[in-house]
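Undergrad: following is a predicted model, sequence given first.
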Amino acid sequence: MKTFALMLAAALLTAAAPTEQSELAAIAPSPATQSVRFATVDVRIDPKNNPLAAYQLEIVGDPQRVKLAGVEGGEHAAFRDPPYYDPAGLAQNRIILAAFNTGSDLPTKMSRVARLHVQITGDADPDFEVKLTVASTSDGSAAPGATASASLSPAPAPTTEGAVP
Amino acid sequence: MPHDPAEFDDFPDALAADLGRLYRADVTASPAVDQAILNRARAHVAGRKRTLLLRRVAGAAAAVILITAAVIPTISRNRPPRAPVARQLIYDLNADGAVDIRDALALQRSIDAGRAGAHDMNGDGVVDKRDVDAIAMIAVRLDKGVAR
């Protein structure tokens, strides 16, 4: 009886599949026809006037549209080196970044702590979910009120060099 | 071929007595032969008892193995993995219940202060930057689930 039910379900699915596929093809472009581009994502932390000595955060993008390609460090000297991350996160849509600095020159204002290189499928800009799990001062205590964000880097200003006047 | 004693009833008494004397054999066994036969009989019975005991032990062992094979996977499924938890405790230097970048920071600060202690995370015999890196890499691992 179970075998019969399974065979019946398989037959129904097989019969329904072409129709469903053709409907999907009509409403959404196939991956082959969607545009693919590379962009960078700035990861920023605002430690709210506390000296930021260590951070750890998780970034998640749309799995259908975002693939990580690389990670580089931030703008402040304390976090200029690339942060720690799991290489398994490359080619995925999720990654955990973490870094620390034991020096005394630490950022107290919002600054870019890392930059991600991503591959984006589709024309619209994707959103990124950021979860700040650690933002601490040198003694390991939490930096109260610290926030984090991740957004596509602003496109570089078009150069006029070589342009036709 | 066995003889029926009744078949000689028709013989005259004298003939029957003579025939009886002629074919009767007086067999006497020495005590040594008796003892030997008895020993063999005992050995045979003891061997059967030993075989029976071995069969019972083998049966009990098979039953224990079957029960163990059936029960252990169930216990293993229901019990949380122990080794990862133990490792997590090793890396959780600040004992806040989570391995994160603050543990790496704490170890780096200890190394800088010259009191790294016994935090040889990678087991290479020295406590240095590589041990700090080991903790940090645990902190950012993706397969541990959502970061705390």
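TA: The structure has been received and is ready for your questions.

Undergrad: just the residues of chain A that are near chain B, which are they?
TA: A:53-58, A:84-86, A:88-89, A:92, A:94-100, A:102, A:131, A:133-134, A:136, A:138, A:140 (C-beta under 8 Å from any C-beta of the partner chain). (C-beta placed from N, C-alpha, C; glycine too.)

Undergrad: quick one, helices of chain A?
TA: Along chain A, counting by DSSP state H, helices occupy A:2-27.

Undergrad: which residues does the residue nearest in space to the middle of it bridge with?
TA: Taking C-alpha atoms, centre = their mean, the centroid of chain A lies closest to A:Gly61, which sits 4.7 Å from it. Beta bridges link A:Gly61 to A:Phe128, judged by DSSP bridges.

Undergrad: and the residues of chain A next to chain B, which are buried?
TA: A:53-58, A:84-86, A:89, A:94-100, A:133-134, A:136, A:138, A:140 (16 or more other C-beta atoms under 10 Å in any protein chain shown).

Undergrad: shaky segments in chain A?
TA: Residues of chain A meeting the criterion pLDDT under 70: A:1-32, A:156-165.

Undergrad: and if we set it to 50?
TA: For chain A, the stretches flagged by pLDDT under 50 are A:12-13, A:15-26, A:163-165.

Undergrad: from the buried ones among the residues of chain A next to chain B, which ones fall inside strands?
TA: If you go by DSSP state E, those have A:54-58, A:94-100, A:133-134, A:136 in strands.

Undergrad: contacts only, for residue 124.
TA: No chain was given, so I picked chain A. For A:Ala124, the contact set (C-beta atoms under 8 Å, 6 or more residues apart in numbering or on different chains) is empty.

Undergrad: that's the wrong chain, I meant chain B
TA: B:Arg130 are the contacts of B:Asp124 under C-beta under 8 Å, 6+ apart.

Undergrad: the same query, at a cut-off of 10 Å, please.
TA: Neighbouring residues of B:Asp124 by C-beta atoms under 10 Å, 6 or more residues apart in numbering or on different chains: B:Arg130, B:Asp131, B:Ala134.

Undergrad: rebuild the residues you listed as a markdown table, extending it with pLDDT, secondary structure and distance to chain A.
TA: Listed next are the contacts of B:Asp124 as a markdown table, based on pLDDT from 0 to 100; DSSP: H, G, I helix; E, B strand; the rest coil; distance: C-beta to the nearest C-beta, whole Å:
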| residue | pLDDT | secondary structure | distance to chain A |
| --- | --- | --- | --- |
| B:Arg130 | 94 | helix | 13 |
| B:Asp131 | 93 | helix | 14 |
| B:Ala134 | 94 | helix | 11 |
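
Undergrad: let's have the residues you listed in a markdown table, adding neighbour count and distance to A:Val36.
TA: A markdown table is the format used below for the contacts of B:Asp124 (neighbours: other C-beta atoms under 10 Å in any protein chain shown; distance: C-beta to C-beta, whole Å):
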| residue | neighbour count | distance to A:Val36 |
| --- | --- | --- |
| B:Arg130 | 12 | 38 |
| B:Asp131 | 22 | 41 |
| B:Ala134 | 19 | 36 |
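
Undergrad: if we only consider these, which is nearest to B:Ser30?
TA: Nearest to B:Ser30 among the contacts of B:Asp124: B:Ala134, at 87.2 Å, using C-beta to C-beta.
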